[in-house]
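Student: Sequence first, predicted model second:
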Amino acid sequence: MKLSPQTKHSIRDIEKAVENVYSLQFFSRVSYRIRREPNKTVLILSLIEKKLNKFQLGFRYDNKRNASFLLNVLIRNLMLESSYINFDVMLGNRVELDAQYFALLGVLPGVGLNARLNYAEDNLDLFYQKDVLAQYGFKTVAGELKIGSIFARMFEMSAGLRGEYIRARPNIGQAGLPRFDETVASLSGTLWMDRFDRFYFPRSGYSAYLRYDHGLKRLGSEVAYDRIFFKAAAAVPLSRLFVLGGKIVTGSIRSAEAPINGAFNLGGIDVSVLQTDRNRSLFSFYGLNRKELFGSNIQAAQLYLQYNFARKNYLTLVANAGNIFDTWTDNVLKENYIVGYGLTYGMETLLGPLEITVSGSDVHRFLTYFHIGVKF
């Protein structure tokens, strides 16, 4: 809490200390009161600890990837106090197994050690002039160890080491398409701040995310590269019913030999919570199919107007522009960018958000998208 006895502290100091405790996410409620006594003032904290273990099920459906199911198990304080073990099992078009262990180090507030193992299977369509040319199936096994303020509620600063093995095979396409087997080892640094009032249909707030990855062959990597990515978003309430929001994204890989799973993707409307947690370089883009474009450099921006026309019902008008480039460009001209637009009807339901979207762009005249359930 960084509060010392026999020292003067302002109310703001106390509130910040309480916020530090709450941000650790081991408590469902943290409050305080002050009691005056002769010759001293006593600070009294009231804490309600979260349940040690949690079991959750999730469901989602969309017209691009069909149905998916999620099983989540969270176990707290199993091996050490102020620690947790988290398991995620995702079944559907994308299969993912994720195990994570976190423990506070007790050095500074919120600073801890995070170890993660992940296995994922996913498919990626390769497009050529609006048509699917081929489809690759990816299998990835990854391990990660990082240290930092990685469990804070609003701010993350961390550094770590990641190793992964990627296998890619053509599922659909012409005979003779190449196969890929690659081992990648990298050092990474992350800065992330999120001050949105909520994840779905936010009314106010902002977020910023910066990540740098450095692949080293002497760590066992088959490729040496530098990858930097930045994304920012904001939402401003114009009135009780209208919200104006925007997003920007930029990223670049500086290497002649980039890892096959390190490319930036552009396209698709639904950005899931879990995949965003694994890879926050994902970016929603209206007017393109899911991950339709990929490459070594990304530049994109989005502007939207959200209208809360009824309780838990929303209309969102969106315009975006961006592209993927083989080499970085500073020529900000319309002919270098794809312009997309769309309209989304959204509703908060007991199963999670429901969204129906129509969109178009310079590439596709008309695309539709339907989604219901928690975004994972």
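Tutor: Great, that's in hand.

Student: Show the model's pLDDT score for Ala300.
Tutor: On the pLDDT scale, Ala300 is placed at 94.

Student: Now do the contacts for it.
Tutor: Ile248, Val249, Thr250, Leu266, Phe283, Phe285, Asn320, Ala321, Gly322, Asn323 (Cβ atoms under 8 Å, 6 or more residues apart in numbering). Where C-beta positions appear, they are placed from N, C-alpha and C, glycine not excepted.

Student: do that again at 7 Å, thanks
Tutor: Val249, Leu266, Phe283, Phe285, Asn320, Ala321, Gly322 (Cβ atoms under 7 Å, 6 or more residues apart in numbering).

Student: Can you say which two of those are spatially most distant?
Tutor: Phe283 and Ala321 (12.2 Å; Cβ to Cβ).

Student: which of the two has more neighbours?
Tutor: Phe283 (26 against 21; other Cβ atoms under 10 Å).

Student: Could you say whether the more buried one sits in a helix, a strand or coil?
Tutor: coil (DSSP: H, G, I helix; E, B strand; the rest coil).

Student: Show the model's pLDDT score for it.
Tutor: On pLDDT, Phe283 comes in at 79.

Student: Might one say that it is in contact with Ile248?
Tutor: No. With contact defined as Cβ atoms under 7 Å, Phe283 does not reach Ile248; the gap is 9.4 Å.

Student: In CSV, list the C-alpha atoms belonging to the helix ranked longest in the chain.
Tutor: Among the segments of the chain that qualify as a helix by DSSP state H, the longest is helix 11-23. Only the C-alpha atoms of helix 11-23 are listed here, as CSV (Å, rounded to 0.1, in the frame of the first residue of the first chain):
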residue,chain,number,x,y,z
ILE,A,11,-7.2,11.1,1.2
ARG,A,12,-5.9,10.7,-2.3
ASP,A,13,-2.9,8.8,-1.0
ILE,A,14,-5.3,6.4,0.8
GLU,A,15,-7.6,6.0,-2.2
LYS,A,16,-4.6,5.2,-4.4
ALA,A,17,-3.4,2.6,-1.9
VAL,A,18,-6.8,1.0,-1.8
GLU,A,19,-6.9,1.0,-5.6
ASN,A,20,-3.5,-0.8,-5.6
VAL,A,21,-4.9,-3.5,-3.4
TYR,A,22,-8.1,-3.9,-5.5
SER,A,23,-6.1,-4.0,-8.8
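
Student: Buried residues of that helix, list them for me.
Tutor: Ile14, Ala17, Val18, Asn20, Val21, Tyr22, Ser23 (16 or more other Cβ atoms under 10 Å).

Student: Over to stretch 241-255?
Tutor: For stretch 241-255, by 16+ other Cβ under 10 Å, it's Val243, Gly245, Lys247, Ile248, Val249, Thr250, Gly251, Ser252, Ile253.

Student: Farthest-apart pair in these, please.
Tutor: Val243 and Ile253 (33.9 Å).

Student: Determine how far the last residue of stretch 68-83 lies from the first.
Tutor: 29 Å (Cα to Cα, to the nearest Å).

Student: Pull out the buried positions in that stretch.
Tutor: Ser68, Leu70, Asn72, Leu74, Ile75, Arg76, Ser83.

Student: quick one: contacts of the strand or helix carrying Ile85?
Tutor: If you go by DSSP states H and E, Ile85 is part of strand 83-91. Applying Cβ under 7 Å, 6+ apart, the external contacts of strand 83-91 come out as 68-78, 96-103, 274, 376.

Student: Repeat that for stretch 193-209.
Tutor: 154-155, 192, 231-237, 243, 273, 280, 306, 314, 346, 348, 353.

Student: got the buried residues for stretch 165-181?
Tutor: Ile166, Ala168, Pro170, Leu177.

Student: wait, what's in contact with Phe102?
Tutor: Ser83, Tyr84, Gly112, Asn114, Phe151.

Student: Does the third one have any beta-bridge partners, and if so which?
Tutor: Okay, so that is Gly112. Note on Gly112: beta-bridge partners by DSSP bridges are Leu104, Gly148.

Student: that older thread, which ones among the contacts of Ala300 map onto helices?
Tutor: Among the contacts of Ala300, no member falls in helices (DSSP H).

Student: And those residues, which is closest to Glu49?
Tutor: Using Cβ to Cβ, those come closest to Glu49 at Phe283, 37.2 Å.

Student: you'd agree Thr250 is up against Ala301?
Tutor: No. If you go by Cβ under 7 Å, Thr250 and Ala301 don't touch, sitting 9.1 Å apart.

Student: What pLDDT does the model give the residue lying closest to Arg36 once chain neighbours are set aside?
Tutor: Distance criterion Cβ to Cβ, 6 or more residues apart in numbering; nearest residue to Arg36, sequence neighbours excluded, is Val42 at 7.8 Å. Here the pLDDT value assigned to Val42 is 90.

Student: Give me the phi and psi angles of Val42.
Tutor: For Val42, the backbone dihedrals (degrees, to the nearest 10) come out as phi -110, psi 130.

Student: how many neighbours does it have?
Tutor: The burial count for Val42: 9, using other Cβ under 10 Å.
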